[in-house]
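[1] Sharing a model prediction with you, sequence too.
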Amino acid sequence: MATALRSKSFQKNLLMSVGGIFIMFAVCFSIYQYRREKEYKIDILHSRLQVYNYEMMQMLGEDGVCSDSLFKAYTRLHDADGLRVTIISTDGRVLQDNNYTEIDSLSNHLKRIEVQQALLNGSGYDIKRTSQSTHETYFYSATRFGNMVIRSAVPYSAELTESLKADNTYIYFTILLTCLLGVVLYFNTRRISRHIGYLREFALKAEDGKQLDHELERRLPDDELGEISHTIITLYWKLRHSEEDKVRMKRQLTQNAAHELKTPAASIHGFLESILDNPDMSADNLHHFLERCYAQSERMNKLLLDMSALTKLDEMEEKGTVQREEFRPVDVLSIIQNVLDDVGLQLQDKKIKASVSCPNRVEVLGDQSLIYGIFRNLVDNAIAYATGATSLKISCREENGSDGPFYAFSVSDNGPGVPPQHLPHLFERFYRVDKGRSRKLGGTGLGLAIVKNAVVAHGGTAIAEPTPGGGLTICFSLARG
């Protein structure tokens with residue numbers, strides 16, 4: 001019952017919104033069409049009077065138009081229903097008028113709208129203006145010929161008013177079409193509402209954990225809505241099998257880890273084999289081989305520690321809120337200082353100057369060892385990969401978000417940076433921009449993945465972006481304590 005009511009409510013809202021838009025469009029179209037048709041009829045009348053003006057000039061010429069006898073004879077011969085013809089000079093003086101004998105008493109016509117348009121554009125008209133001399137309402141049409149303007153005008157009679165009126169037939173057609181489309185829209189919205197009801201029924205069964213069958217899928221339409229519904233249902237079935245995806249991801253992680261461990265293990269095996277096969281090896285060579293074995297074992301140890309940290313973070317993600325309840329206030333400034341003290345010699349060797357720009361007190365709620373790991377991995381990453389960098393800047397600012405106040409951190413260097421196509425993948429496990437070079441530098445490919453997971457475990461986000469002027473900047477957020 002509730003599903004049916006909500007489906008009807010959805011149908012009503014959809015019908016009103018789409019129908020309202022269409023009705024608004026129909027009204028706007030009707031207004032536009034009315035104005036367009038009225039302008040069209042006005043243009044026809046204006047064109048007819050323009051033809052009259054051109055014929056007069058063609059028949060009489062400039063001298064004949066200015067001749068009182070010729071002008072009066074022509075206008076009497078071509079008179080039509082109160083047609084008024086006026087000859088006006090370019091300075092606005094009336095030279096001839098077939099309906100007015102006292103020409104000198106007429107006022108200057110320079111400021112008449114149709115005269116100004118004719119002087120500017122060659123022709124012009126004015127709609128429904130009362131004459132100051134005859135006190136009748138005319139439609140004026142003026143045409144410029146050299147130093148004079150011929151203006152013809154017709155009085156506004158009942159016939160002229162009717163002829164200029166827009167035809168309203170299209171309005172009835174629009175109303176009829178709106179009604180027909182309204183009926184079509186009603187049945188379509190009803191159909192869409194019914195199919196959405198099927199999809200909602202499927203969602204309710206899935207939410208309640210009831211037995212699901214494919215009957216609802218068979219009732220869905222074979223169109224775009226059906227495709228969307230099928231996609232949603234397919235996504236549901238995929239989520240049901242998400243545990244298999246997790247197993248696959250863990251298997252892939254194991255394979256990547258084995259691949260990463262294989263290289264240092266093979267190197268150690270080769271060095272030890274060389275030592276055992278050459279008992280008379282010189283002390284210098286023996287010392288060199290043992291140093292290489294130690295370096296590769298350190299690399300393996302770091303990889304195992306990083307994998308252990310990621311496992312811990314995965315467990316925190318699974319525990320979710322329960323694990324976060326164990327968080328304690330952490331002084332971030334002291335952690336940053338400890339990290340810079342621990343890597344001080346490395347920064348000095350690389351000639352990188354570190355600077356910190358943070359408020360006097362920065363305290364967050366979290367796990368101290370994980371927050372230390374965030375900053376340590378970011379600083380180590382800059383030291384290892386920001387070749388030629390001279391500065392490392394750690395900054396922090398307070399901000400407010402939808403979930404409450406938080407600190408926005410950024411760790412920036414001025415090194416060569418990372419190509420844009422690699423930025424979205426930097427936080428993926430075992431991802432390397434330059435695989436061979438990264439291994440030579442001792443990287444495990446897990447540092448930034450640990451950073452991302454640790455930040456997410458604290459309810460924050462992390463992104464990588466280029467530093468203005470060159471370099472790499474890692475931005476992340478942590479909730480305030």
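    Happy to help now that I have it.
[2] CA atoms for contacts and neighbours, from now on please.
    Will do.
[3] is it fair to say residue 410 lies in a helix?
    No: counting by DSSP: H, G, I helix; E, B strand; the rest coil, residue 410 is located in no helix; its state is strand.
[4] For it, give me its contacts.
    Shown in contact with residue 410 (Cα atoms under 8 Å, 6 or more residues apart in numbering): 393-396, 473-476.
[5] any chance of the residues you listed in a markdown table, with neighbour count, secondary structure and pLDDT too?
    As requested, those are exported to a markdown table (neighbours: other Cα atoms under 10 Å; DSSP: H, G, I helix; E, B strand; the rest coil; pLDDT from 0 to 100):
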| residue | neighbour count | secondary structure | pLDDT |
| --- | --- | --- | --- |
| 393 | 16 | strand | 94 |
| 394 | 21 | strand | 94 |
| 395 | 16 | strand | 93 |
| 396 | 19 | strand | 92 |
| 473 | 24 | strand | 93 |
| 474 | 19 | strand | 92 |
| 475 | 18 | strand | 93 |
| 476 | 21 | strand | 92 |
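[6] Can you pick out the most distant pair from these?
    Set against one another by Cα to Cα, these have their most distant pair in 393 and 476, with a gap of 14.0 Å.
[7] hey, where'd the helices end up in the stretch 251-400 of the chain?
    Using DSSP state H, counting those that start in this stretch, the helices found in the stretch 251-400 of the chain span residues 283-319, 321-324, 332-342, 344-350, 368-385.
[8] Equivalent analysis for the stretch 101-250 of the chain, please.
    113-121, 158-164, 169-208, 215-219, 224-240, 242-277.
[9] What pLDDT is listed against the spatially closest residue to residue 352 that is not a sequence neighbour?
    Excluding the flanking residues, the one nearest residue 352 by Cα to Cα, 6 or more residues apart in numbering is residue 390, at 4.3 Å. Per-residue confidence at residue 390 stands at 91 (pLDDT).
[10] Could you identify the helix or strand that succeeds the worst-scoring helix or strand of the chain on mean pLDDT?
    Every helix and strand in the chain was compared by mean pLDDT, DSSP states H and E; the lowest is helix 435-440, with a mean of 49. Using DSSP states H and E, the next helix or strand after helix 435-440 towards the C-terminus is helix 447-457.
[11] for whichever helix or strand comes after that next one, packing partners?
    Sequence order places strand 462-466 as the next helix or strand after helix 447-457, per DSSP H and E. Here strand 462-466 touches helix 447-457, strand 472-479, going by 3 or more Cα pairs under 8 Å, 6 or more residues apart in numbering; DSSP states H and E.
[12] Deepest-packed of these, please.
    Among the helices and strands packed on strand 462-466, helix 447-457 has the highest mean neighbour count (mean count of other Cα atoms under 10 Å), at a mean of 24.
[13] just how off-centre is that one within its chain?
    Distance, stretch centre to chain centre, for helix 447-457: 29 Å (Cα atoms, centre = their mean, to the nearest Å).
[14] That one - contacts with which helices or strands?
    Helix 447-457 packs on helix 283-319, helix 368-385, strand 462-466, strand 472-479, going by 3+ Cα pairs under 8 Å, 6+ apart.
[15] looking at these, which one has the lowest mean pLDDT?
    Among the helices and strands packed on helix 447-457, helix 283-319 carries the lowest mean pLDDT (a mean of 69).
[16] Out of the helices and strands packed on strand 462-466, which gets nearest to residue 95?
    The nearest among the helices and strands packed on strand 462-466, by Cα to Cα, is strand 472-479 at 82.8 Å.
[17] and the angle for the closest one with helix 368-385?
    Strand 472-479 runs at 170 degrees relative to helix 368-385, counting by axes from the mean of the first three to the mean of the last three Cα atoms, to 10 degrees.
[18] ok, strand 472-479: who's next to it in the sheet?
    Applying DSSP bridges, strand 472-479 is found paired with strand 404-413 (antiparallel), strand 462-466 (antiparallel).
[19] Kindly present these as a markdown table, with separate columns for distance to residue 379.
    Below are those laid out as a markdown table (distance: least, Cα to Cα, whole Å):
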| stretch | distance to residue 379 |
| --- | --- |
| strand 404-413 | 8 |
| strand 462-466 | 14 |
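[20] Indicate which one of those strands is closest to residue 116.
    Comparing those by their distance to residue 116 (Cα to Cα), the top pick is strand 462-466, with 62.4 Å.
[21] next one: that closest one to chain centre, how far?
    How far strand 462-466 lies from its chain's middle: 20 Å, per Cα atoms, centre = their mean.
[22] Just want the angle from that strand to helix 447-457.
    130 degrees.
[23] in the stretch 201-350 of the chain, which segments are predicted with low confidence?
    Applying pLDDT under 70 to the stretch 201-350 of the chain picks out residues 201-203, 205-264, 296, 298-325.
[24] Who are the packing partners of the one helix or strand residue 54 maps to?
    Using DSSP H and E, residue 54 sits in helix 2-66. Helices and strands touching helix 2-66, by 3+ Cα pairs under 8 Å, 6+ apart, are helix 68-77, strand 137-145, strand 148-155, helix 158-164, helix 169-208.
[25] could you dump those to JSON lines with mean neighbour count and distance to residue 92?
    Supplementary listing: the helices and strands packed on helix 2-66 in JSON lines, determined by neighbours: other Cα atoms under 10 Å; distance: least, Cα to Cα, whole Å:
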{"stretch": "helix 68-77", "mean neighbour count": "14", "distance to residue 92": "18"}
{"stretch": "strand 137-145", "mean neighbour count": "24", "distance to residue 92": "12"}
{"stretch": "strand 148-155", "mean neighbour count": "23", "distance to residue 92": "9"}
{"stretch": "helix 158-164", "mean neighbour count": "12", "distance to residue 92": "28"}
{"stretch": "helix 169-208", "mean neighbour count": "15", "distance to residue 92": "43"}
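[26] Who's the closest spatial neighbour of residue 171, skipping the chain neighbours?
    Counting by Cα to Cα, 6+ apart, the residue nearest residue 171 is residue 30, at 6.5 Å.
[27] Looking at the contacts of residue 410, which is nearest residue 360?
    residue 396 (10.4 Å).
[28] From residue 459, how far off is the closest one?
    Distance of residue 396 to residue 459, computed by Cα to Cα, to the nearest Å: 17 Å.
[29] How about residue 115?
    Using Cα to Cα, residue 115 is found at 75 Å from residue 459.
[30] And stretch 59-66, what's buried?
    Within stretch 59-66, the residues that qualify as buried are 64-66, counting by 16 or more other Cα atoms under 10 Å.
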